[in-house]
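Peer 1: coords below, sequence missing:
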(Lines give C-alpha, C1' and ligand atoms only; values in the text may rest on other atoms or scores of the structure.)
Protein backbone atom coordinates (compact mmCIF):
# COMPACT_ATOMS: atom_id res chain seq x y z
CA UNK A 1 0.00 0.00 0.00
CA UNK A 2 2.58 2.60 1.07
CA UNK A 3 4.68 2.16 -2.06
CA UNK A 4 2.40 4.70 -3.71
CA UNK A 5 3.49 7.47 -1.33
CA UNK A 6 6.14 10.01 -2.27
CA UNK A 7 8.64 11.73 0.00
CA UNK A 8 7.28 14.88 1.65
CA UNK A 9 9.41 18.01 1.03
CA UNK A 10 11.00 19.52 4.12
CA UNK A 11 8.75 22.19 5.66
CA UNK A 12 10.39 25.52 4.72
CA UNK A 13 10.12 27.01 8.22
CA UNK A 14 10.87 23.87 10.24
CA UNK A 15 13.74 23.12 7.88
CA UNK A 16 15.29 26.50 8.71
CA UNK A 17 15.05 25.70 12.42
CA UNK A 18 16.69 22.30 11.96
CA UNK A 19 19.55 23.83 9.95
CA UNK A 20 20.06 26.51 12.59
CA UNK A 21 20.45 23.94 15.37
CA UNK A 22 23.09 22.07 13.36
CA UNK A 23 25.13 25.24 12.78
CA UNK A 24 28.04 25.46 15.24
CA UNK A 25 28.93 29.08 14.50
CA UNK A 26 28.95 31.10 17.76
CA UNK A 27 27.40 34.17 16.11
CA UNK A 28 24.52 32.38 14.35
CA UNK A 29 21.11 34.10 14.41
CA UNK A 30 17.67 32.45 14.23
CA UNK A 31 15.08 34.72 12.59
CA UNK A 32 12.98 31.81 11.33
CA UNK A 33 10.35 30.12 13.50
CA UNK A 34 7.71 32.54 14.79
CA UNK A 35 8.06 32.34 18.57
CA UNK A 36 8.60 35.21 20.98
CA UNK A 37 12.10 35.45 22.44
CA UNK A 38 13.30 37.46 25.41
CA UNK A 39 16.56 39.36 25.83
CA UNK A 40 18.41 36.08 26.42
CA UNK A 41 16.99 34.49 23.28
CA UNK A 42 14.68 32.19 25.27
CA UNK A 43 10.95 31.67 24.79
CA UNK A 44 9.63 32.21 28.32
CA UNK A 45 6.48 31.08 30.10
CA UNK A 46 4.73 34.25 31.37
CA UNK A 47 4.72 34.62 35.15
CA UNK A 48 0.93 34.54 35.41
CA UNK A 49 0.73 31.45 33.21
CA UNK A 50 3.28 29.61 35.31
CA UNK A 51 1.51 30.49 38.55
CA UNK A 52 -1.90 29.53 37.12
CA UNK A 53 -0.49 26.21 35.96
CA UNK A 54 0.91 25.44 39.40
CA UNK A 55 -2.42 26.28 41.04
CA UNK A 56 -4.27 24.19 38.47
CA UNK A 57 -2.14 21.13 39.05
CA UNK A 58 -2.57 21.45 42.81
CA UNK A 59 -6.36 21.83 42.57
CA UNK A 60 -7.23 19.47 39.71
CA UNK A 61 -8.81 16.19 40.86
CA UNK A 62 -9.68 14.65 37.49
CA UNK A 63 -8.64 14.61 33.85
CA UNK A 64 -11.85 13.21 32.48
CA UNK A 65 -13.13 14.34 29.09
CA UNK A 66 -14.71 17.68 28.38
CA UNK A 67 -17.34 18.01 25.65
CA UNK A 68 -16.35 18.31 21.97
CA UNK A 69 -16.70 22.10 22.20
CA UNK A 70 -14.37 22.21 25.19
CA UNK A 71 -14.03 24.31 28.33
CA UNK A 72 -17.00 26.72 28.55
CA UNK A 73 -15.19 29.09 30.91
CA UNK A 74 -12.22 29.35 28.58
CA UNK A 75 -14.50 29.80 25.57
CA UNK A 76 -16.44 32.66 27.15
CA UNK A 77 -13.41 34.52 28.52
CA UNK A 78 -11.39 34.33 25.31
CA UNK A 79 -14.42 35.41 23.26
CA UNK A 80 -14.79 38.40 25.58
CA UNK A 81 -11.09 39.22 25.27
CA UNK A 82 -11.43 39.20 21.47
CA UNK A 83 -14.87 40.74 20.91
CA UNK A 84 -14.96 43.05 23.94
CA UNK A 85 -16.78 42.96 27.26
CA UNK A 86 -20.21 43.13 25.59
CA UNK A 87 -19.30 40.59 22.88
CA UNK A 88 -19.87 43.41 20.35
CA UNK A 89 -23.51 43.43 21.50
CA UNK A 90 -24.10 40.03 19.89
CA UNK A 91 -23.73 37.46 22.64
CA UNK A 92 -26.88 35.57 21.58
CA UNK A 93 -25.51 35.28 18.03
CA UNK A 94 -22.27 33.65 19.21
CA UNK A 95 -21.16 30.02 18.88
CA UNK A 96 -17.94 28.90 20.55
CA UNK A 97 -15.74 25.81 20.37
CA UNK A 98 -12.33 25.21 21.88
CA UNK A 99 -9.78 23.89 19.38
CA UNK A 100 -6.20 22.52 19.37
CA UNK A 101 -4.46 25.84 18.77
CA UNK A 102 -5.17 28.48 16.17
CA UNK A 103 -4.47 25.92 13.45
CA UNK A 104 -7.18 23.64 14.83
CA UNK A 105 -9.57 26.58 14.97
CA UNK A 106 -8.84 27.42 11.33
CA UNK A 107 -9.40 23.81 10.31
CA UNK A 108 -12.65 23.61 12.29
CA UNK A 109 -13.90 26.84 10.73
CA UNK A 110 -13.02 25.54 7.27
CA UNK A 111 -14.93 22.32 7.98
CA UNK A 112 -17.96 24.38 9.06
CA UNK A 113 -17.84 26.39 5.83
CA UNK A 114 -17.52 23.21 3.78
CA UNK A 115 -20.51 21.69 5.59
CA UNK A 116 -22.60 24.81 5.04
CA UNK A 117 -21.69 25.34 1.39
CA UNK A 118 -19.47 22.63 -0.13
CA UNK A 119 -16.77 23.82 -2.50
CA UNK A 120 -16.95 27.46 -1.40
CA UNK A 121 -14.06 29.70 -2.37
CA UNK A 122 -12.01 31.36 0.36
CA UNK A 123 -9.70 34.23 -0.54
CA UNK A 124 -6.43 34.71 1.34
CA UNK A 125 -4.02 37.64 1.28
CA UNK A 126 -1.06 37.66 -1.09
CA UNK A 127 1.18 36.80 0.69
CA UNK A 128 -0.20 34.90 3.68
CA UNK A 129 0.97 32.44 6.33
CA UNK A 130 2.33 29.37 4.57
CA UNK A 131 0.00 26.94 6.37
CA UNK A 132 -3.23 28.81 5.59
CA UNK A 133 -3.71 27.28 2.16
CA UNK A 134 -3.10 23.63 3.22
CA UNK A 135 -5.31 23.99 6.31
CA UNK A 136 -8.20 25.46 4.37
CA UNK A 137 -7.79 23.49 1.18
CA UNK A 138 -7.73 20.07 2.81
CA UNK A 139 -11.20 20.80 4.20
CA UNK A 140 -12.45 20.90 0.61
CA UNK A 141 -12.58 24.66 0.12
CA UNK A 142 -11.28 26.30 -3.05
CA UNK A 143 -8.52 28.79 -2.25
CA UNK A 144 -7.75 31.96 -4.21
CA UNK A 145 -5.92 35.18 -3.38
CA UNK A 146 -6.52 38.92 -3.08
CA UNK A 147 -3.82 41.62 -3.41
CA UNK A 148 -2.39 42.80 -0.10
CA UNK A 149 1.28 43.78 -0.19
CA UNK A 150 3.44 45.77 -2.59
CA UNK A 151 6.86 44.15 -2.36
CA UNK A 152 8.35 46.83 -4.62
CA UNK A 153 7.95 49.57 -2.02
CA UNK A 154 7.10 47.51 1.11
CA UNK A 155 3.62 48.97 1.49
CA UNK A 156 0.01 47.88 1.80
CA UNK A 157 -1.82 47.46 -1.51
CA UNK A 158 -5.09 48.76 -0.12
CA UNK A 159 -6.48 49.89 -3.49
CA UNK A 160 -5.87 46.48 -5.05
CA UNK A 161 -7.39 44.76 -2.03
CA UNK A 162 -10.55 46.87 -2.02
CA UNK A 163 -10.99 46.47 -5.78
CA UNK A 164 -10.70 42.70 -5.50
CA UNK A 165 -13.24 42.54 -2.66
CA UNK A 166 -15.66 44.59 -4.78
CA UNK A 167 -15.39 41.99 -7.54
CA UNK A 168 -16.10 38.87 -5.45
CA UNK A 169 -19.32 36.92 -5.77
CA UNK A 170 -21.78 37.07 -2.86
CA UNK A 171 -21.14 34.25 -0.40
CA UNK A 172 -17.38 34.24 -1.00
CA UNK A 173 -15.28 33.89 2.15
CA UNK A 174 -12.39 36.27 2.87
CA UNK A 175 -9.62 35.27 5.28
CA UNK A 176 -8.24 38.34 7.04
CA UNK A 177 -5.34 38.71 9.49
CA UNK A 178 -6.89 40.46 12.48
CA UNK A 179 -3.57 42.08 13.44
CA UNK A 180 0.19 41.56 13.10
CA UNK A 181 0.02 40.29 9.52
CA UNK A 182 2.10 37.16 8.88
CA UNK A 183 4.48 37.34 6.99
CA UNK A 184 4.66 41.09 6.29
CA UNK A 185 3.81 42.85 9.55
CA UNK A 186 1.83 45.33 7.44
CA UNK A 187 -1.48 46.00 9.19
CA UNK A 188 -4.65 47.82 8.18
CA UNK A 189 -5.71 51.01 9.95
CA UNK A 190 -9.07 51.29 11.71
CA UNK A 191 -10.28 53.49 8.83
CA UNK A 192 -9.27 50.83 6.31
CA UNK A 193 -11.02 48.15 8.36
CA UNK A 194 -14.17 50.27 8.26
CA UNK A 195 -13.93 50.52 4.46
CA UNK A 196 -13.47 46.76 4.23
CA UNK A 197 -16.42 46.17 6.58
CA UNK A 198 -18.66 48.27 4.34
CA UNK A 199 -17.71 46.25 1.25
CA UNK A 200 -18.08 42.91 3.02
CA UNK A 201 -21.56 43.84 4.24
CA UNK A 202 -22.74 45.31 0.93
CA UNK A 203 -21.31 42.50 -1.21
CA UNK A 204 -22.58 39.80 1.20
CA UNK A 205 -19.10 38.38 1.75
CA UNK A 206 -18.21 36.26 4.78
CA UNK A 207 -15.12 37.35 6.75
CA UNK A 208 -12.95 34.74 8.48
CA UNK A 209 -10.51 36.43 10.86
CA UNK A 210 -7.28 34.80 12.02
CA UNK A 211 -6.41 36.28 15.43
CA UNK A 212 -3.03 34.77 16.29
CA UNK A 213 -1.19 37.69 17.93
CA UNK A 214 -3.60 39.78 19.99
CA UNK A 215 -1.64 42.04 22.33
CA UNK A 216 1.66 41.77 20.46
CA UNK A 217 1.02 44.63 18.02
CA UNK A 218 -0.17 47.63 20.06
CA UNK A 219 -2.31 46.34 22.93
CA UNK A 220 -5.19 43.94 23.49
CA UNK A 221 -7.96 46.35 22.55
CA UNK A 222 -6.32 48.10 19.60
CA UNK A 223 -5.23 44.77 18.15
CA UNK A 224 -8.86 43.58 18.34
CA UNK A 225 -10.32 46.67 16.64
CA UNK A 226 -10.62 44.75 13.38
CA UNK A 227 -12.79 42.05 14.95
CA UNK A 228 -15.03 44.55 16.69
CA UNK A 229 -15.51 46.74 13.62
CA UNK A 230 -16.53 43.76 11.49
CA UNK A 231 -18.74 42.23 14.22
CA UNK A 232 -20.89 45.36 14.16
CA UNK A 233 -21.08 45.49 10.37
CA UNK A 234 -21.68 41.98 9.01
CA UNK A 235 -24.30 39.34 9.88
CA UNK A 236 -21.89 36.39 9.80
CA UNK A 237 -18.27 36.22 10.95
CA UNK A 238 -15.76 33.50 11.84
CA UNK A 239 -12.80 34.10 14.18
CA UNK A 240 -9.94 31.67 14.80
CA UNK A 241 -8.11 32.63 18.00
CA UNK A 242 -4.70 31.34 19.11
CA UNK A 243 -3.29 31.53 22.66
CA UNK A 244 0.14 30.29 21.59
CA UNK A 245 1.98 33.60 21.38
CA UNK A 246 0.29 35.93 23.83
CA UNK A 247 0.04 33.28 26.59
CA UNK A 248 3.26 31.44 25.68
CA UNK A 249 1.32 28.17 25.38
CA UNK A 250 2.78 27.02 22.06
CA UNK A 251 2.99 23.28 22.71
CA UNK A 252 -0.26 23.15 24.71
CA UNK A 253 -2.26 23.79 21.50
CA UNK A 254 -4.83 26.21 22.88
CA UNK A 255 -7.28 27.95 20.56
CA UNK A 256 -10.89 28.97 19.99
CA UNK A 257 -13.28 28.98 17.06
CA UNK A 258 -15.89 31.74 17.44
CA UNK A 259 -18.74 32.16 14.96
CA UNK A 260 -21.24 35.01 14.79
CA UNK A 261 -24.50 34.08 13.07
CA UNK A 262 -27.44 36.18 11.90
CA UNK A 263 -29.54 35.52 15.01
CA UNK A 264 -29.78 33.24 18.02
CA UNK A 265 -31.55 30.37 16.24
CA UNK A 266 -28.87 29.92 13.54
CA UNK A 267 -26.24 30.33 16.27
CA UNK A 268 -27.74 27.37 18.14
CA UNK A 269 -27.52 25.28 14.98
CA UNK A 270 -23.91 26.35 14.39
CA UNK A 271 -22.96 25.37 17.94
CA UNK A 272 -24.30 21.88 17.33
CA UNK A 273 -22.45 21.65 14.03
CA UNK A 274 -19.18 22.76 15.63
CA UNK A 275 -19.52 20.00 18.23
CA UNK A 276 -20.26 17.43 15.55
CA UNK A 277 -17.34 18.48 13.38
CA UNK A 278 -14.94 18.64 16.32
CA UNK A 279 -15.97 15.11 17.27
CA UNK A 280 -14.95 13.87 13.82
CA UNK A 281 -11.66 15.80 13.79
CA UNK A 282 -10.20 15.28 17.30
CA UNK A 283 -13.09 14.07 19.44
CA UNK A 284 -12.26 16.22 22.50
CA UNK A 285 -9.88 19.21 22.66
CA UNK A 286 -6.87 19.19 25.03
CA UNK A 287 -7.76 20.82 28.34
CA UNK A 288 -4.50 21.84 30.04
CA UNK A 289 -3.76 25.07 28.18
CA UNK A 290 -7.39 26.17 28.15
CA UNK A 291 -7.72 25.59 31.90
CA UNK A 292 -4.63 27.75 32.44
CA UNK A 293 -5.97 30.57 30.28
CA UNK A 294 -9.33 30.43 32.05
CA UNK A 295 -7.59 30.75 35.42
CA UNK A 296 -5.44 33.69 34.27
CA UNK A 297 -8.34 35.63 32.78
CA UNK A 298 -10.74 34.91 35.65
CA UNK A 299 -8.32 36.06 38.38
CA UNK A 300 -7.88 39.85 38.58
CA UNK A 301 -4.31 39.68 39.91
CA UNK A 302 -3.14 37.08 37.40
CA UNK A 303 -4.86 38.85 34.53
CA UNK A 304 -3.21 42.17 35.37
CA UNK A 305 0.23 40.57 35.68
CA UNK A 306 -0.25 38.80 32.35
CA UNK A 307 -1.31 42.05 30.66
CA UNK A 308 1.73 43.85 32.09
CA UNK A 309 4.11 41.21 30.78
CA UNK A 310 2.32 41.11 27.42
CA UNK A 311 2.68 44.88 27.07
CA UNK A 312 6.41 44.52 27.79
CA UNK A 313 6.67 41.91 25.04
CA UNK A 314 4.93 44.16 22.51
CA UNK A 315 7.01 47.18 23.49
CA UNK A 316 10.18 45.15 23.19
CA UNK A 317 9.27 43.93 19.70
CA UNK A 318 8.48 47.48 18.56
CA UNK A 319 11.76 48.73 20.03
CA UNK A 320 13.65 46.02 18.15
CA UNK A 321 11.87 47.10 14.97
CA UNK A 322 13.23 50.61 15.40
CA UNK A 323 16.74 49.40 16.16
CA UNK A 324 16.81 47.10 13.14
CA UNK A 325 15.35 49.73 10.80
CA UNK A 326 17.89 52.34 11.91
CA UNK A 327 20.88 50.01 11.62
CA UNK A 328 19.76 48.67 8.22
CA UNK A 329 19.32 52.22 6.92
CA UNK A 330 22.73 53.27 8.23
CA UNK A 331 24.51 50.17 6.89
CA UNK A 332 22.89 50.01 3.47
CA UNK A 333 22.23 53.63 2.64
CA UNK A 334 18.65 52.66 1.81
CA UNK A 335 15.45 53.61 3.61
CA UNK A 336 14.21 50.88 5.94
CA UNK A 337 11.93 53.12 8.03
CA UNK A 338 8.92 51.10 6.80
CA UNK A 339 9.89 48.38 9.26
CA UNK A 340 9.01 50.77 12.09
CA UNK A 341 5.48 51.22 10.76
CA UNK A 342 4.74 47.51 10.79
CA UNK A 343 3.50 45.58 13.80
CA UNK A 344 3.84 42.14 15.34
CA UNK A 345 6.58 39.57 15.21
CA UNK A 346 7.23 39.53 11.47
CA UNK A 347 8.62 41.58 8.64
CA UNK A 348 9.55 40.62 5.10
CA UNK A 349 12.99 41.73 3.95
CA UNK A 350 13.45 42.57 0.23
CA UNK A 351 15.73 39.60 -0.41
CA UNK A 352 15.75 37.06 -3.22
CA UNK A 353 15.84 33.33 -2.52
CA UNK A 354 19.54 33.37 -3.44
CA UNK A 355 20.23 36.19 -0.98
CA UNK A 356 18.40 34.31 1.79
CA UNK A 357 20.64 31.30 1.11
CA UNK A 358 23.71 33.56 1.15
CA UNK A 359 22.62 35.04 4.48
CA UNK A 360 22.61 31.54 5.91
CA UNK A 361 25.77 30.21 4.29
CA UNK A 362 27.94 33.32 4.53
CA UNK A 363 26.64 35.06 7.64
CA UNK A 364 24.87 32.29 9.62
CA UNK A 365 21.60 34.25 9.64
CA UNK A 366 18.56 31.98 9.28
CA UNK A 367 15.19 33.16 7.95
CA UNK A 368 12.27 31.84 5.91
CA UNK A 369 12.93 31.31 2.18
CA UNK A 370 10.72 34.30 1.26
CA UNK A 371 12.72 36.70 3.43
CA UNK A 372 10.31 36.69 6.36
CA UNK A 373 12.09 37.39 9.64
CA UNK A 374 11.00 37.05 13.24
CA UNK A 375 11.68 40.46 14.76
CA UNK A 376 11.77 38.88 18.23
CA UNK A 377 14.94 37.05 17.14
CA UNK A 378 16.73 40.39 16.86
CA UNK A 379 18.57 41.63 19.96
CA UNK A 380 20.91 44.52 20.85
CA UNK A 381 23.77 42.01 20.73
CA UNK A 382 23.11 40.81 17.16
CA UNK A 383 21.40 43.72 15.41
CA UNK A 384 24.67 45.14 14.05
CA UNK A 385 25.68 41.76 12.63
CA UNK A 386 22.27 41.35 11.02
CA UNK A 387 22.24 44.85 9.55
CA UNK A 388 25.77 44.80 8.11
CA UNK A 389 25.26 41.31 6.71
CA UNK A 390 21.98 42.20 5.01
CA UNK A 391 23.49 45.42 3.66
CA UNK A 392 26.39 43.47 2.13
CA UNK A 393 23.95 41.12 0.40
CA UNK A 394 21.97 44.04 -1.03
CA UNK A 395 25.16 45.60 -2.40
CA UNK A 396 26.43 42.36 -3.96
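Peer 2: Arrived safely. Since the structure is predicted, the reported quantities are computational estimates derived from the model, not experimental observations.
Peer 1: rest of the way, CA atoms for contacts and neighbours
Peer 2: Will do.
Peer 1: what about the strands in the stretch 151-300 of the chain?
Peer 2: Counting by DSSP state E, counting those that start in this stretch, the stretch 151-300 of the chain has strands at residues 155-156, 173-177, 206-211, 237-242, 255-260.
Peer 1: Turn these into a markdown table, columns for mean neighbour count and distance to residue 166.
Peer 2: What follows is those, written out as a markdown table (neighbours: other C-alpha atoms under 10 Å; distance: least, C-alpha to C-alpha, whole Å):
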| stretch | mean neighbour count | distance to residue 166 |
| --- | --- | --- |
| strand 155-156 | 17 | 17 |
| strand 173-177 | 23 | 12 |
| strand 206-211 | 24 | 13 |
| strand 237-242 | 27 | 18 |
| strand 255-260 | 28 | 22 |
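Peer 1: Mind checking those strands for the one nearest to residue 223?
Peer 2: strand 206-211 (9.0 Å; C-alpha to C-alpha).
Peer 1: Does anything pack onto the closest one? Which helices or strands?
Peer 2: helix 101-116, strand 173-177, strand 237-242 (3 or more C-alpha pairs under 8 Å, 6 or more residues apart in numbering; DSSP states H and E).
Peer 1: for the record, mean pLDDT for the longest one?
Peer 2: Same thing as helix 101-116. Per-residue pLDDT values over helix 101-116 give a mean of 98.
Peer 1: Show the average pLDDT along the helix or strand just after it.
Peer 2: Going down the chain from helix 101-116, the next helix or strand is strand 121-126, by DSSP states H and E. Mean per-residue pLDDT for strand 121-126: 98.
Peer 1: what's the next secondary structure element after strand 121-126?
Peer 2: Once the chain leaves strand 121-126, the next helix or strand it forms, by DSSP H and E, is helix 132-137.
Peer 1: biggest helix in the chain by residues?
Peer 2: Longest helix of the chain, by residue count under DSSP state H: helix 300-332.
Peer 1: any idea how far that one is from the chain center?
Peer 2: Between the centre of helix 300-332 and the centre of its chain there are 17 Å (C-alpha atoms, centre = their mean, to the nearest Å).
Peer 1: Which helix or strand lies directly C-terminal to that helix?
Peer 2: helix 338-341.
Peer 1: Report the buried residues of that next one.
Peer 2: 339, 340 (16 or more other C-alpha atoms under 10 Å).
Peer 1: Distance from it to the middle of the chain?
Peer 2: Worked out by C-alpha atoms, centre = their mean, helix 338-341 lies 19 Å from the chain centre.
Peer 1: Could you do stretch 102-112 as well?
Peer 2: Centroid separation between stretch 102-112 and its chain, computed with C-alpha atoms, centre = their mean, is 13 Å.
Peer 1: Over to stretch 351-359?
Peer 2: 25 Å.
Peer 1: so who does residue 272 touch?
Peer 2: Residues counted as contacts of residue 272 (C-alpha atoms under 8 Å, 6 or more residues apart in numbering): none.
Peer 1: any chance of the strands of the stretch 151-300 of the chain in a markdown table, with mean pLDDT too?
Peer 2: Formatted as a markdown table, the strands of the stretch 151-300 of the chain follow (pLDDT from 0 to 100):
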| stretch | mean pLDDT |
| --- | --- |
| strand 155-156 | 96 |
| strand 173-177 | 98 |
| strand 206-211 | 98 |
| strand 237-242 | 98 |
| strand 255-260 | 98 |
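Peer 1: So for residue 338, which of these sits nearest?
Peer 2: Across the strands of the stretch 151-300 of the chain, residue 338 has its closest neighbour in strand 155-156 (7.8 Å, C-alpha to C-alpha).
Peer 1: The closest one pairs with which strands, parallel or anti?
Peer 2: Taking DSSP bridges as the criterion, strand 155-156 sits next to strand 149-150 (antiparallel) in its sheet.
Peer 1: secondary structure class for residue 70?
Peer 2: coil (DSSP: H, G, I helix; E, B strand; the rest coil).
Peer 1: Same check on the one 4 residues further on?
Peer 2: Secondary structure state of residue 74, per three-state DSSP, is helix.
Peer 1: residue closest to the middle of the chain?
Peer 2: By C-alpha atoms, centre = their mean, the chain has its centre lying nearest to residue 212, at 2.8 Å.
Peer 1: right, and that residue touches residue 250 too?
Peer 2: No: at 11.3 Å, residue 212 does not count as touching residue 250 under the criterion of C-alpha atoms under 8 Å.
Peer 1: what's the overlap in contacts for these two?
Peer 2: Taking C-alpha under 8 Å, 6+ apart as the criterion, residue 212 and residue 250 both touch 243, 244.
Peer 1: following the lowest-mean-pLDDT helix or strand in the chain, which helix or strand shows up next?
Peer 2: Least confident helix or strand, the chain: helix 12-22 with a mean of 84, by mean pLDDT, DSSP states H and E. Note on helix 12-22: by DSSP H and E, the next helix or strand toward the C-terminus is strand 29-30.
Peer 1: out of the strands of the stretch 151-300 of the chain, nearest to residue 33?
Peer 2: Short answer: strand 237-242, nearest of these by C-alpha to C-alpha, at 16.1 Å.
Peer 1: Pipe the strands of the stretch 151-300 of the chain into a markdown table and attach distance to residue 272 per row.
Peer 2: Shown next, in a markdown table, are these (distance: least, C-alpha to C-alpha, whole Å):
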| stretch | distance to residue 272 |
| --- | --- |
| strand 155-156 | 39 |
| strand 173-177 | 21 |
| strand 206-211 | 19 |
| strand 237-242 | 15 |
| strand 255-260 | 12 |
